[in-house]
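A.B. asks: Provided below are the primary sequence and the corresponding predicted coordinates.
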Amino acid sequence: MPVKMTNKRPNVNNRRIINGEDADVVQLHPMKHSFAWDAYLAGNANHWLPTEIAMQDDIELWKSPRLSDDERLAFKTALGFFTTADSIAANNLVLAFYKHVTSPECRMYLLRQSFEEAIHTHAYQYIVESLGIDGGEVFNMYRENTAHNSKANFILGFNEGIFDDNFHTGTFENDQKFLENLCVFSLILEGIFFYSSFAVIFGFQRQNKLVGSAEQIQYIMRDESQHLNFGINMINAIKEEQPELWSDEFQKRITSLVKEAAKLEYNYAQQVFPKGIFGMNADGFKQYIEHIADRRLSAIGLPKQFNVKNPFPWMSEAVDLSKEKNFFETRVTEYQTGGTLNWE
């Protein structure tokens with residue numbers, strides 16, 4: 001539904017994630033979706049820039065023979081995925097989501113989230129430049145790596161409708177299309193595809209290798225976890241505001257898409273770890289992906305499909321940014337709100 005100017009004072013009862021009546025300007029009073037405002041404040045408190053992080057140790061290690069060919073392949077493959085995924089995320093936010101969302105406080109956070117996606121892309125470029133990696137190889141990996149290409153095309157296939165200039169919410173069909181895109185974007189792109197690549201980088205972290213790069217990815221994971229939680233909150237809010245959209249058929253559709261995405265991620269893991277490194281291999285990643293997929297389904301009230309344990313329990317420790325700490329003796333940072341997030 002197009003956003004129109006009104007001459008009425010906002011009524012909190014008329015505010016919705018989509019199809020709200022008073023979204024002509026970002027007027028935060030009266031506020032309904034407080035989770036979005038909380039996320040906005042958390043994002044501001046957690047602001048960071050990649051150039052603040054020292055990379056000298058990473059540069060020396062990358063130039064040395066102390067990294068194996070398999071380790072270099074795993075690192076560049078994960079980095080190649082990140083560069084593509086954050087670009088897709090930014091386009092989805094700026095070109096599609098924002099113009100259809102009518103909750104002012106949700107729009108506020110979408111603006112903050114878009115800025116964070118730009119910071120993430122900056123971080124990948126900073127890593128590439130610092131280590132002297134071929135930028136063309138990394139940034140074009142989604143064109144040349146079949147596993148990357150398959151995941152990118154899977155996500156982009158759901159954008160066709162809501163990216164159309166003639167697409168508007170306000171009908172049952174279009175509202176379900178928007179909700180489907182939101183589920184794919186939040187649960188799959190940000191909630192599954194990102195997390196296996198995070199595990200790759202934190203494998204290096206556990207070995208005290210490429211620690212500057214790992215610190216940047218750690219900050220990115222904190223941001224992405226907040227993005228994921230925000231998306232889940234929007235999905236659950238739409239379910240309450242427009243329960244007719246959450247039909248049995250639609251629930252089966254989302255469950256099926258999550259299971260399909262998990263299979264794509266299996267193929268990706270096999271390319272990242274053809275032989276295995278750091279005690280991690282494709283079989284372990286398969287179980288981790290299934291564990292993460294179940295968590296995403298549960299978060300929106302759908303039944304688990306795999307019922308497996310987390311094979312990488314150290315991931316919870318790797319992403320714990322709730323307390324002040326010295327990250328590999330690089331710098332001390334206070335994380336004000338990260339402890340409230342649901343990391344996995």
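C.D. replies: In hand now; what should we look at? Nothing here was measured: the structure is a model prediction, and the numbers come from that model.
A.B. asks: can you give me the strands in the protein?
C.D. replies: Using DSSP state E, the strands of the chain run over residues 325-326, 332-333.
A.B. asks: residues near E117, how many?
C.D. replies: 23 (other C-beta atoms under 10 Å). In short, each C-beta sits where N, CA and C put it, glycine included.
A.B. asks: now the closest residue to it other than its chain neighbours: how far from E116?
C.D. replies: The shortest distance from E117 to any non-neighbouring residue, by C-beta to C-beta, 6 or more residues apart in numbering, is to A90 (4.0 Å). Using C-beta to C-beta, to the nearest Å, one gets 9 Å for the distance from A90 to E116.
A.B. asks: who's more crowded, these two?
C.D. replies: E116 (25 against 18).
A.B. asks: Pretty sure that one sits against G43.
C.D. replies: Yes - contact criterion C-beta atoms under 8 Å: E116 and G43 qualify, at 6.5 Å.
A.B. asks: who touches both of the two?
C.D. replies: Listed contacts common to E116 and G43 are D223; contacts here mean C-beta atoms under 8 Å, 6 or more residues apart in numbering.
A.B. asks: Quick check: nearest residue in space to Y124, chain neighbours excluded?
C.D. replies: T83 (4.8 Å).
A.B. asks: quick one: contacts for the one you found?
C.D. replies: Contacts of T83 by C-beta under 8 Å, 6+ apart are T121, Y124, V138, F139, M141, Y142.
A.B. asks: Generate a markdown table for those, with neighbour count and pLDDT as supplementary columns.
C.D. replies: Shown next, in a markdown table, are those (neighbours: other C-beta atoms under 10 Å; pLDDT from 0 to 100):
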| residue | neighbour count | pLDDT |
| --- | --- | --- |
| T121 | 18 | 95 |
| Y124 | 24 | 96 |
| V138 | 23 | 89 |
| F139 | 18 | 87 |
| M141 | 22 | 80 |
| Y142 | 20 | 75 |
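A.B. asks: Between these, which sits nearest A237?
C.D. replies: Taking C-beta to C-beta as the measure, A237 lies nearest T121 of the contacts of T83, at 28.5 Å.
A.B. asks: Would you agree that closest one is in contact with A85?
C.D. replies: No - counting by C-beta under 8 Å, T121 stays clear of A85, with 10.2 Å between them.
A.B. asks: and the contacts of T83 as JSON lines, adding distance to L73?
C.D. replies: Formatted as JSON lines, the contacts of T83 follow (distance: C-beta to C-beta, whole Å):
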{"residue": "T121", "distance to L73": "22"}
{"residue": "Y124", "distance to L73": "17"}
{"residue": "V138", "distance to L73": "12"}
{"residue": "F139", "distance to L73": "17"}
{"residue": "M141", "distance to L73": "11"}
{"residue": "Y142", "distance to L73": "16"}
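A.B. asks: Quick check: which ranges of the chain have low pLDDT?
C.D. replies: Residues of the chain that meet the criterion pLDDT under 70 lie in 1-13, 22-28, 272, 276, 316-344.
A.B. asks: For the one residue sitting closest to the centre of it, which non-adjacent residue is closest in space?
C.D. replies: With distances taken as C-alpha atoms, centre = their mean, the residue of the chain nearest its centroid is E190 (2.6 Å). Using C-beta to C-beta, 6+ apart and skipping residues adjacent in sequence, the residue nearest E190 is L228, 4.8 Å away.
A.B. asks: residues in contact with that neighbour?
C.D. replies: So L228 contacts S186, L187, E190, G191 (C-beta under 8 Å, 6+ apart).
A.B. asks: Count the residues that sit near the first one.
C.D. replies: By the other C-beta under 10 Å criterion, the neighbourhood of S186 contains 24 residues.
A.B. asks: my guess is it contacts I232, does it?
C.D. replies: Yes - S186 is in contact with I232 according to C-beta under 8 Å; the separation is 6.2 Å.
A.B. asks: what about E244, how many residues close to it?
C.D. replies: 9.
A.B. asks: So it sits against E173, correct?
C.D. replies: No - counting by C-beta under 8 Å, E244 does not reach E173; the two are 11.7 Å apart.
A.B. asks: For the nearest residue to Q287 once chain neighbours are set aside, give me phi and psi.
C.D. replies: Of all residues not flanking Q287 in the chain, P311 sits nearest, at 4.6 Å (C-beta to C-beta, 6+ apart). When quoted as degrees, to the nearest 10, the phi and psi of P311 stand at phi -80, psi -10.
A.B. asks: That'll do, ta.
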